[in-house]
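How does the following fold in three dimensions:
(one chain, ligands or ions: 1)
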Amino acid sequence: MIQLIRGVKDILPGDAGLWQYIEREASSLFENFGFKNIRIPIMERTELFSRSIGEQTDIVEKEMYTFEDRGGDMITLRPEATASIVRSYIQHRMYAADPVQKLYTIGPMFRRERPQKGRYRQFYQIDAEVFGVASPLMDSQIIFMLMTLFSRLKVSDCSVRLNSLGCPECRTAFKSALSAFLESRSVSLCEDCQRRRDRNPLRVLDCKAPACRQAMEGAPAIGDFLCADCRGHFDAVMQNLARLDIPFETDKNLVRGLDYYTRTAFEIQTTLLGAQSAVAGGGRYDGLVKMLGGPDTPAIGFAIGMDRLSEIVAAHFGDFSRKPRMFIAALGSACQALAFEWVNRLNSEGIYAEMDMADRSLKSQMKQADRQGAARVVIFGDTEMAAKQVLVRDMATHEQTTVPLESFTEYVTKM
Ligand code: AMP
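Numbers count the residues shown, from 1 in each chain. From the prediction side, this is the model:
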């Protein structure tokens, strides 16, 4: 038997119902906040990701699924959605109609990480991006929107971690202070961080290795290097969050793994997930649209990890699979023919009804109805046909009622 490849999974019907529910809640909430759905391709030119995410990030260095296609183009399965949405914003000149665009998308992303619980090689994100708004009001608004979604989904135990990564000017000063500090601690860093030290020093700040945690005590904090504008922006984000009653914690080590972030960076964490505690992350990326060839446009966005979110939400919600409102147990070809008409009519009118299509006995049809979780069984055989009625059995109370054939459809619509 051919099995799944490592790090990917099937989302089986029982779970998929919950996924659809989460997707519906997210879409409807985001649309209330003015977001519009966009669908972007799963494959892009490799260059799009290496330029935007950064050549020296973990994603680009070792996690992308990249291949040369038959025409010789270098193609990558998207590791995240932001770069593609930015490309689309620029390519279709969306800014010409209105620089302010709020977009969201839901779909699979691909990163060749070490698989473990909560970490997959094909995983799913709900992603939202806002273009053309520089104001810190927007930073707070999208965090508010995110927390509103989590609260609707009854994910109570989550907290916002917040930092500012400054702009290229303040970050340059910070990076050189950090590099000098790392030089002094070099021998104590883990193997990965030895490598990151020169290429992506910021990343050392959020390394989870105990040795690095210890070595990084007393490291310079970006907060001390923010220019007046970045400081003002960050303070305003915090004030607005307080105004919206969103609790948060600042975390000077929150740097995120991608190069394009500027100013606000945030993560939503929960204790319900064990080691993989981040359920969503995002931030501002004011330089990316220009860097990829578009007009100078501020932007901010976030991505929610669907796999992790659905795991938490599953704990609060029961079975999402739809159960038939009725199962029509027809016996004999004449009754079956009529039942066939009814079932199709009911299904097309929005009522989920089932029937047997294999000429089974009443007993096995009753079993089948029970297995499918039908609320009622409509028994319809020669006796009922002769009496011009059907017998309706409530599967929970075992109560039986007879309903005249001529008023059966009326009975069903009233039900
Ligand atoms: P990122 O795009 O890395 O900022 O990730 C945003 C969110 O996506 C994270 O907070 C996770 O919830 C989720 N995520 C990222 N990578 C994975 C993965 N390999 N498997 C499952 N979820 C992931």
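
mind checking the SS state of residue 253?
Using DSSP: H, G, I helix; E, B strand; the rest coil, the structure places residue 253 in coil.

Tell me the spacing between the residue nearest to it when sequence neighbours are not counted and the ligand.
Nearest non-adjacent residue to residue 253, counting by CB to CB, 6 or more residues apart in numbering: residue 205, 4.5 Å away. Using the backbone N, CA and C atoms, a C-beta is placed for each residue, glycine as well. Plainly put, residue 205 is 16 Å away from the ligand if you go by CB to the nearest ligand atom, to the nearest Å.

And residue 205, its phi and psi?
Main-chain torsions, residue 205, degrees, to the nearest 10: phi -60, psi -30.

what's near enough to touch it?
Neighbouring residues of residue 205 by CB atoms under 8 Å, 6 or more residues apart in numbering: 178, 216, 219, 252, 253, 255.

likewise residue 66?
Residue 66 neighbours (CB under 8 Å, 6+ apart): 46, 74, 75, 76, 77.

now do residue 397
Counting by CB under 8 Å, 6+ apart, residue 397 touches no other residue.

Check the contacts of residue 66 against the ligand and report the nearest one.
Nearest to the ligand, judged by CB to the nearest ligand atom, of the contacts of residue 66 is residue 77 at 12.7 Å.

Kindly tell me how buried the closest one is, as a neighbour count.
By other CB atoms under 10 Å, the residues close to residue 77 number 20.

swap in residue 6?
Residue 6 has 10 neighbouring residues, counting by other CB under 10 Å.

Now do the domain split for this protein, please.
As given by automatic domain parsing, the domain ranges for the chain are 13-167+227-314, 326-414.

Dump those domains into TSV; add distance to residue 1 and mean pLDDT as well.
Shown next, in TSV, are the domains of the chain (distance: least, CB to CB, whole Å; pLDDT from 0 to 100):
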stretch	distance to residue 1	mean pLDDT
domain 13-167+227-314	20	95
domain 326-414	26	95
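
ranking the ones you listed by burial, who's on top?
For the domains of the chain, the largest average neighbour count (mean count of other CB atoms under 10 Å) is found in domain 13-167+227-314, namely a mean of 18.

interface residues of the stretch 1-150 of the chain facing the ligand?
Within the stretch 1-150 of the chain, the residues that sit near the ligand (CB under 6 Å from any ligand atom) are 80, 111, 113, 118, 119, 120, 123, 125.

mind running it again at 5 Å?
80, 113, 119, 120, 123 (CB under 5 Å from any ligand atom).

Quickly name whichever of those residues is closest to the ligand.
residue 123 (3.4 Å).

tell me the contacts of the closest residue to residue 320 other than its chain neighbours?
In space, residue 320 comes closest to residue 17 once its chain neighbours are excluded; the distance is 2.8 Å by CB to CB, 6+ apart. Residue 17 makes contact with 319, 320, 321, 322, according to CB under 8 Å, 6+ apart.

that's a strand at residue 17, yeah?
No: counting by three-state DSSP, residue 17 falls outside a strand, being helix.

Grab the nearest non-local neighbour of the residue of the chain found nearest the ligand.
Closest residue of the chain to the ligand, CB to the nearest ligand atom: residue 305 (2.0 Å). In space, residue 305 comes closest to residue 279 once its chain neighbours are excluded; the distance is 5.6 Å by CB to CB, 6+ apart.

residue ranges for the helices of the stretch 301-415 of the chain, please.
With DSSP state H, counting those that start in this stretch as the criterion, the stretch 301-415 of the chain has helices at 306-314, 333-348, 362-371, 382-386, 408-414.

same deal with the stretch 51-200 of the chain?
Remark: helices assigned in the stretch 51-200 of the chain by DSSP H, counting those that start in this stretch are 58, 82-91, 94-97, 136-152, 168-185, 191-199.

Dump the third one to PDB, restricted to CA.
So that's helix 94-97. Extracted in PDB, the C-alpha atoms of helix 94-97 (Å, rounded to 0.1, in the frame of the first residue of the first chain):
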ATOM      1  CA  MET A  94      -4.300  47.100  -7.400                       C
ATOM      2  CA  TYR A  95      -2.800  50.300  -5.900                       C
ATOM      3  CA  ALA A  96      -3.900  52.200  -9.000                       C
ATOM      4  CA  ALA A  97      -7.600  51.700  -8.100                       C
END
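
what helices or strands is it leaning on?
Judged by 3 or more CB pairs under 8 Å, 6 or more residues apart in numbering; DSSP states H and E, helix 94-97 is in contact with no other helix or strand.

List the neighbours of that helix that are in contact with it.
Residues from elsewhere that reach helix 94-97 (CB under 8 Å, 6+ apart): 88, 89, 101, 131, 132, 294, 295, 297.

go again using 7 Å as the cut-off
89, 101, 132, 294, 295, 297 (CB atoms under 7 Å, 6 or more residues apart in numbering).
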